[in-house]
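Trainee: compute the structure for the input listed below.
(one chain, ligands or ions: 2)
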Amino acid sequence: MEELKTLKIGLLGSGTVGIGVYKLVEAQREEMPHKIGANLSVKKVLVRDKTKKREGIDQCLLTDRFEDIIEDDDIQIVVEVMGGIEPARTYINAALKAGKHVVTANKDLIAEHGKELLDTASEHGCDLLFEAAVAGGIPILRPLKQCLAGNHLSEVMGIVNGTTNFILSKMTEEGMEFSDALMLATELGYAEADPTADIEGYDAGRKVAIMASIAFNSRVTFSDVYTEGITKITSRDIAYAKEMGCTIKLLGVAKNTPEGIEVRVHPMLIPSSHPLAKVDDSFNAVFVHGDAVDDAMFYGRGAGELPTASAIMGDVIDVARNIQFHCNGRISCTCYKELPIKKINEIESKYFLRMQVEDRAGVLAKIADTLGKHNVSISQVIQKNSRDNMAELVVITAKVKEQNFSDALADIAEMETTKKVSSVIRVY
Ligand SMILES: NC(=O)C1=CN([C@@H]2O[C@H](COP(=O)(O)OP(=O)(O)OC[C@H]3O[C@@H](n4cnc5c(N)ncnc54)[C@H](OP(=O)(O)O)[C@@H]3O)[C@@H](O)[C@H]2O)C=CC1
Ligand SMILES: N[C@@H](CC=O)C(=O)O
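Mentor: Residues are numbered from 1 along each chain as shown. Ligands and ions are numbered 1, 2, ... in the order given. Prediction:
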């Protein structure tokens, strides 16, 4: 009987995700001949520090020289799980130019330089797949690009960052402090190497840019996305949300409107009965609306070692099948439109506004009057008398353009009777 060939992988990085990928390649060893008609193994692993112990990975596979991978003709598949823009961008371009297929989980890179890399892949007849870059273990990019290709998609929105969802869940359900919840998310391998990307909403913004580009067939980069993180959300905001029958979640929203593409990431108060309110811990969920499919929802683990490795392995197996059938490089960039991007000031929302004001007659009327001058209607007011002649005032507005609301807010903040604007959160 003819001996099966072995497809070799060069792994760039062996942190949380890299170790997960290595484990899955090993765990799937027996299955591969059946799934892809070949064996699959990791031949080399690029790291910065070769002396560091890596769970389950043979020390002799480690290298700190990219040349050991790029110059190895045996390696046909490169899996990039280092993160960051450089040197990942240079390495991926080099691998594609050398005819190697690439699988990456790097949303920073794809959201910024996706077109360049996809073009390089196309020119060299190579595959470049990045399912793990969005929503960890949830299959979402392939469904958007392939399964739902027969639709005009008008909306993709949801929870796409595991770390912030974990933090908000812990703060809401267990009263945990923000910093303790972040530390735990980092220990569990959910957070980025620099967690600022998670908590400031940049990571979710990159994911929304990637999803919008694929869903709407028009290039959206990270710089197009309005981002606001969760660092200003306090336990007091969470308590008010609960009192109002709501939960605070960090949402990513992408809409294809007649005036252009709307792309934003920010915290939002959503009714506790809404399905997204029940997405807790490191889970993510993405809603998609298309003219043919109507509504579809995708749910699963958005971060962590094995869920992310699961998405990468799916891509690796796809690449391996393409190698076996000599059909790599089939899927190229699908951004054939150039749609405008809407400015955040043009977008309409309802707002939750919490402030500290002087506790005396006429203050609320003056605030209502100022909001009214900017065409901002009030739909609910909660006032709590605190101490020292100061009151905490919460105003929920009706739906209004961001520009009107921010103009009104600037005037309110200037008032002598306003001591502090504590929180502004959009309401679903
Ligand atoms: N963690 C998660 O849940 C998810 C992560 N991702 C993405 O996957 C990628 C990897 O994430 P994660 O595993 O968490 O990151 P880690 O920080 O845990 O691991 C990064 C790995 O890359 C290596 N590395 C970094 N820079 C270099 C370099 N210049 N040269 C050689 N090796 C380098 C590090 O080596 P050394 O160990 O020697 O320092 C380390 O092994 C990122 O793009 C991330 O955004 C995507 C989805 C989910
Ligand atoms: N830091 C990211 C990891 C997965 O993309 C997250 O928390 O979602």
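Trainee: assumed residue 254 was part of a strand.
Mentor: Yes - according to DSSP: H, G, I helix; E, B strand; the rest coil, residue 254 belongs to a strand.
Trainee: partners of it in the sheet?
Mentor: Taking DSSP bridges, one finds residue 156, residue 263 as the beta-bridge partners of residue 254.
Trainee: run through the residues that contact it.
Mentor: Contacts for residue 254 (CB atoms under 8 Å, 6 or more residues apart in numbering) come out as 155-157, 208, 211-212, 215-216, 220, 261-263. From N, CA and C alone the C-beta is placed, and that goes for glycine too.
Trainee: now do the contacts for whichever residue of the stretch 101-250 of the chain sits closest to ligand 1.
Mentor: Across the stretch 101-250 of the chain, no residue is closer to ligand 1 than residue 105, which sits at 3.6 Å (CB to the nearest ligand atom). Residues near residue 105 by CB under 8 Å, 6+ apart: 17, 80-81, 83, 130, 132-133, 308, 311-312.
Trainee: same check on residue 404?
Mentor: By CB under 8 Å, 6+ apart, the contact set of residue 404 is 374-376.
Trainee: which among those end up buried?
Mentor: Among those, those classed as buried by 16 or more other CB atoms under 10 Å are 374, 376.
Trainee: contact partners for residue 350?
Mentor: Each residue near residue 350 by CB under 8 Å, 6+ apart is listed here: 379, 396-400, 426-428.
Trainee: now render these as CSV, adding secondary structure, distance to ligand 1 and neighbour count.
Mentor: Shown next, in CSV, are the contacts of residue 350 (DSSP: H, G, I helix; E, B strand; the rest coil; distance: CB to the nearest ligand atom, whole Å; neighbours: other CB atoms under 10 Å):
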residue, secondary structure, distance to ligand 1, neighbour count
379, strand, 38, 12
396, strand, 35, 19
397, strand, 36, 21
398, coil, 38, 15
399, coil, 34, 13
400, strand, 36, 18
426, strand, 26, 22
427, strand, 29, 20
428, coil, 26, 15
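Trainee: same list (those) but as CSV, adding distance to ligand 2.
Mentor: Converted to CSV, the contacts of residue 350 look like this (distance: CB to the nearest ligand atom, whole Å):
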residue, distance to ligand 2
379, 33
396, 29
397, 30
398, 33
399, 29
400, 31
426, 21
427, 24
428, 21
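Trainee: that older thread, what's the neighbour count on the nearest residue to the residue of the stretch 101-250 of the chain closest to ligand 1 once chain neighbours are set aside?
Mentor: Take residue 105 and drop its neighbours on the chain: the residue closest to it by CB to CB, 6 or more residues apart in numbering is residue 132, 3.7 Å away. Number of residues near residue 132 (other CB atoms under 10 Å) recorded here: 29.
Trainee: for residue 132, give its distance to residue 49.
Mentor: As judged by CB to CB, to the nearest Å, residue 132 and residue 49 stand 23 Å apart.
Trainee: run a quick neighbour tally on the closest residue to residue 99 other than its chain neighbours.
Mentor: With CB to CB, 6+ apart as the criterion, residue 99 has its nearest non-adjacent residue at 6.0 Å, and that residue is residue 124. For residue 124, the count of nearby residues is 18 (other CB under 10 Å).
Trainee: list the residues that contact residue 357.
Mentor: Contact analysis of residue 357 by CB under 8 Å, 6+ apart lists 363-364, 367, 390-391, 393, 417-419.
Trainee: so what does it look like in phi/psi?
Mentor: Main-chain dihedrals, residue 357, degrees, to the nearest 10: phi -130, psi 160.
Trainee: measure it to residue 133 for me?
Mentor: Taking CB to CB as the measure, residue 357 falls 45 Å from residue 133.
Trainee: ligand 1 contacts on the chain?
Mentor: When proximity is defined by CB under 6 Å from any ligand atom, the chain lies next to ligand 1 at 13-18, 46-49, 52, 81-83, 87, 105-107, 132, 136, 189-190, 192-193, 303-304, 308.
Trainee: looking at those residues, which are in helices?
Mentor: Among the residues of the chain next to ligand 1, DSSP state H puts 16-18, 107, 308 in helices.
Trainee: turn these into a markdown table, including neighbour count.
Mentor: Shown next, in a markdown table, are those (neighbours: other CB atoms under 10 Å):
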| residue | neighbour count |
| --- | --- |
| 16 | 20 |
| 17 | 29 |
| 18 | 27 |
| 107 | 28 |
| 308 | 28 |
